[in-house]
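Got a sequence here, can you model it:
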Amino acid sequence: MAEADEDLKSRRTVFVTVGTTCFDSLVRAVDTQEVKEELFKKGYTHLLIQMGRGSYIPAKSTGENGSLEVDCFTFSSSITDYLRSASLVISHAGSGSIFETLRLQKPLIVVVNEDLMDNHQSELAEELAERKHLFCARPQTLYQTVADMDLGSLIPYQPGDAAPVAKLLNSFLGFPDD
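Residues are numbered from 1 along each chain as shown. Next up, the predicted model:
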């Protein structure tokens, strides 16, 4: 049992999520040898890829010969447990995935899908990166982002308090104070 506990303590997982979309360029980028080697150099031991509706299937690996253990799946009813157990999250730029990861105080690299037409997601990712809550990349810059990332430079995200706004709206609409 002590050996199993030690295994869990030494396990450092990178969880990759594309949500319910097809984002093969992210899955391909994270599946490159250079990205996997850089993650391993940084002390990560496992790479778990949620690949959504994509057609690209990453190469699985048992982690022998001094490399990352790699596994993948398409969908899960909830990714919260995967996020909780992750040491690093690499995600598409969906606001739900971003804020759930930040709420759990997990280091986050958001990869913007440049194939989307109206890419409002990039604005959110870039703004949060500018505020140093996460790192922002494109599929073609993921390796450099991983290589350059300094997790100590990230500032924990503090969600805002919506109560004053709700109170103002209630007052404006004529609802009584609670």
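
Can you report how many residues lie near the residue nearest to S153 when sequence neighbours are not counted?
The shortest distance from S153 to any non-neighbouring residue, by CB to CB, 6 or more residues apart in numbering, is to K132 (6.3 Å). From N, CA and C alone the C-beta is placed, and that goes for glycine too. Using other CB atoms under 10 Å, K132 has 12 neighbouring residues.

tell me which element K132 falls in.
Per DSSP states H and E, K132 falls between elements, in no helix or strand.

So for it, what's the pLDDT?
Listed pLDDT for K132 reads 98.

Might one say that it is in contact with L154?
Yes. Between K132 and L154 there is a contact at 5.9 Å, judged by CB atoms under 8 Å.

which regions of this protein sit below the pLDDT cut-off?
Along the chain, the model assigns pLDDT under 70 to residues 1-9, 117-119, 178.

now the helices for it?
For the chain, the helices defined by DSSP state H occupy 2-10, 24-30, 33-41, 80-85, 95-103, 120-130, 142-148, 163-172.

Deepest-packed of those, please.
For the helices of the chain, average neighbour numbers computed from mean count of other CB atoms under 10 Å are highest in helix 24-30, which has a mean of 22.

Can you get me the centre-to-centre distance for that helix and its chain?
Counting by CA atoms, centre = their mean, to the nearest Å, helix 24-30 is centred 13 Å from the centre of its parent chain.

I'm done for today, thanks for sticking with me.
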